[in-house]
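Peer 1: Pasting the sequence and the predicted coordinates here, then a few questions.
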Amino acid sequence: MATFAVATTYSPSSVSPLKPRRFGFHFASFLSSTPKLKCPSITTTTTTTLAVATHPTVSVNPNSDSNSNSNSNHLVLPSNESSERLLRVRHTCAHVMAMAVQKLYPDAKVTIGPWIENGFYYDFDMEPLTDKDLKRIKKEMDRIIGRNLPLLREEVSRDEAHKRILALNEPYKLEILESIKEDAITIYHIGDEWWDLCAGPHVESTGNINKKAVELESIAGAYWRGDERKPMLQRIYGTAWENEEQLKAYLHFKEEAKRRDHRRIGQDLDLFSIQDDAGGGLVFWHPKGALVRHIIEDFWKNIHLKSGYDLLYTPHVAKADLWKISGHLDFYKENMYDQMNIEDELYQLRPMNCPYHILVYKSKLHSYRDFPIRVAELGTVYRYELSGSLHGLFRVRGFTQDDAHIFCLDDQIKDEIRGVLDLTEQILLQFGFDKYEVNLSTRPEKSVGNDDIWEKATSALEDALDDKGWSYQIDDGGGAFYGPKIDIKIEDALGRKWQCSTIQVDFNLPQRFDITYVDSNTEKRRPIMIHRAVLGSMERFFGVLIEHYAGDFPLWLSPIQARVLPVTDAQLEYCNGVANKLKMYGIRVEVCHGERLPKLIRNAEKQKIPLMAVVGSKEVETETVTVRSRFGGELGTMSVDDFINRIKLASENLTSL
């Protein structure tokens, strides 16, 4: 049901007033290999760059153990959308870097060099680079910046551009030139020493760049045009800001994001792994991670049952013909696994869940009295992604989505959308997310369905959002070809935004599968279908949770809520009895021993265990435990029953102890 991609970037919904004409080589197929789905689905694609919060603060984590109190924590960082000057600086830095590279490495061939979310990059066909090379390149950039060379725009004919590129022996530029559709070709010069095909914008001269606010960050490999069959290029990433204070804030943010990296924390806490022996992008949930997933899934199922949904389980494979009907084989084949021949019939691993839910709908006749019909499933899907694009839990090849579909009548759309918004808020609040960015995407130029149904559906989405009291921005023409949609991005503890929840009205699949109901006049009508997901992908959402909490899960969600620690092995029997009693009340507990108490405590801290119950000879005599909370400090000595009651109460109220 959803197009899955890495969600690690801040993606502002506001449309920048600066919309420079950019040649195709700047973005599109180069920034991401994420496909554009052209059939009904929930789309949650973002780029893979590090996110920077351009809203209130850099660090807002309720459980952060970061000791930094610098002003960078509270600096509002500008974005390319909010600052035209910053965008121009970043784009110019890309050109300055390319010029520096070719001065130091004359045989290097340039390809593309766009600005990106937090800076810029440029791809080169050249010998492999090292971190030491980055320092040399940065020094050369500083020299170029210090020379205050002008940025000059020149417009030339296609033939003239072709001639100049041949003279430079730049084969990639020739290919780029062929992709430019405009007749007038623009070139930007740095002084009279270096130039590139470019549509701009740039600063007036290199002296407008603050060299102390620029840093080269990393080197990565990137296939030309994202094609594994084409040459591997050297990609240099850099970041650029308006001043040093912004750079320092960004670097502080970057370090905090690194500390929270779900891949490192997942390994340290033994939550999940991706095994090379099994294949890239396939997630193994270890016992503790699986336990967190179990808690999330139980909560998800219970709240959906209370909200009038019926739960489904459907197969992981189906005949290939099903995907012909849905349109996936026509529009999404490059992200589907190869078909399997079983008894002379072709079968396909499912990339989406929606066709299955439609088949369940079609399994019997429906009357108008049956509506609305709500079905939900934690359905596992499989998508082929290039190995180079895989990224921890954020971009994988097999993942489980919290899919749901609502079949309803035209006049029920508003109420159903409002119900989804209420449910979404309830679920997200459970996990501590209370800040959202909401976008309403309307009818694009190419679409299916008549004007009347589009108007009704769009008005229903607007009315539901207005009733909810949520502010939102309209993405005019940004809807899917099969219907309008609402996208909701949640804000984490670092201010990064992650698109999780999506609600889409679909006029296409009901028509493709010819689903109908009988109205009050005994005539056949076609129902409206609503796709919706709240968490998106379980894998990706788990990764978001890990980074949001920096591995310090709240008490109700922590895989191990309490660890019982004996001072010596003489108290081990009593500790086991305490643990067994806690388990009887559904508390997730374990006993650890065999080390000196300070080491046991340090180990519990490293494993981010919320509660420690220390037991010595005095506790055995009085049948008590001495409790220490990771978030609340020393809580003192208490009876086992009191300890149990306090854990249960805190878990129910989503608080710490």
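Peer 2: All right, it came through fine.
Peer 1: Helix, strand, or coil at the closest residue to residue 209 other than its chain neighbours?
Peer 2: Of all residues not flanking residue 209 in the chain, residue 145 sits nearest, at 5.0 Å (C-beta to C-beta, 6 or more residues apart in numbering). (Glycine included, C-beta is placed from N, CA and C.) Put simply, residue 145 is helix when judged by DSSP: H, G, I helix; E, B strand; the rest coil.
Peer 1: got it, and the one 3 residues further on?
Peer 2: Following three-state DSSP, residue 148 is assigned to coil.
Peer 1: out of everything not next to it in sequence, what's closest to it?
Peer 2: That would be residue 207: by C-beta to C-beta, 6+ apart, it lies 3.3 Å from residue 148.
Peer 1: Can you verify my assumption that the one you found contacts residue 145?
Peer 2: Yes. With contact defined as C-beta atoms under 8 Å, residue 207 reaches residue 145; the gap is 6.7 Å.
Peer 1: and these two? which has more neighbours close in?
Peer 2: Relative neighbour count places residue 145 above the other of residue 207 and residue 145, with 22 against 15, counting by other C-beta atoms under 10 Å.
Peer 1: And the more buried one, how close does it get to residue 211?
Peer 2: 5 Å (C-beta to C-beta, to the nearest Å).
Peer 1: Likewise for residue 482?
Peer 2: Using C-beta to C-beta, residue 482 is found at 50 Å from residue 211.
Peer 1: the more surrounded of the two?
Peer 2: Neighbour count, other C-beta under 10 Å: between residue 482 and residue 211, residue 482 has more, with 26 against 20.
Peer 1: Kindly state the pLDDT recorded for the closest residue to the more buried one other than its chain neighbours?
Peer 2: Nearest residue to residue 482 in three dimensions, chain neighbours excluded: residue 508, at 3.4 Å (C-beta to C-beta, 6+ apart). pLDDT for residue 508: 87.
Peer 1: same question, residue 226
Peer 2: 81.
Peer 1: And for residue 486?
Peer 2: Confidence score, pLDDT, at residue 486: 95.
Peer 1: burial measure for it, as a count.
Peer 2: Count around residue 486 with other C-beta under 10 Å applied: 25.
Peer 1: Confirm for me that residue 357 is in contact with residue 374.
Peer 2: No. Look at residue 357 against residue 374 with C-beta under 8 Å: they stay out of range, at 10.3 Å.
Peer 1: More neighbours: the two, which one.
Peer 2: residue 357 (26 against 20).
Peer 1: Next up, the contacts around that one.
Peer 2: Contact analysis of residue 357 by C-beta atoms under 8 Å, 6 or more residues apart in numbering lists 312, 314, 375, 377, 403, 405.
Peer 1: which two of the residues you listed lie the greatest distance from each other?
Peer 2: Within the contacts of residue 357, 314 and 405 form the most distant pair, 11.4 Å apart (C-beta to C-beta).
Peer 1: residue boundaries of the helices in the stretch 101-250 of the chain?
Peer 2: Per DSSP state H, counting those that start in this stretch, the stretch 101-250 of the chain carries helices over the ranges 131-146, 158-168, 171-179, 244-259.
Peer 1: State the mean pLDDT of the strand or helix carrying residue 420.
Peer 2: Per DSSP states H and E: residue 420 is located in helix 413-430. On average, the pLDDT along helix 413-430 is 95.
Peer 1: Okay, buried residues for it please.
Peer 2: Residues 413-414, 416-421, 423-425, 427-428, 430 are the ones in helix 413-430 that count as buried (16 or more other C-beta atoms under 10 Å).
Peer 1: now that helix, how far from the centre of its chain.
Peer 2: Relative to its parent chain, helix 413-430 has a centroid offset of 21 Å by C-alpha atoms, centre = their mean, to the nearest Å.
Peer 1: That helix - contacts with which helices or strands?
Peer 2: Counting contacts by 3 or more C-beta pairs under 8 Å, 6 or more residues apart in numbering; DSSP states H and E, helix 413-430 packs against helix 287-306, strand 398-408, helix 451-468, strand 485-491, strand 497-506, strand 528-537.
Peer 1: Noted, bye for now.
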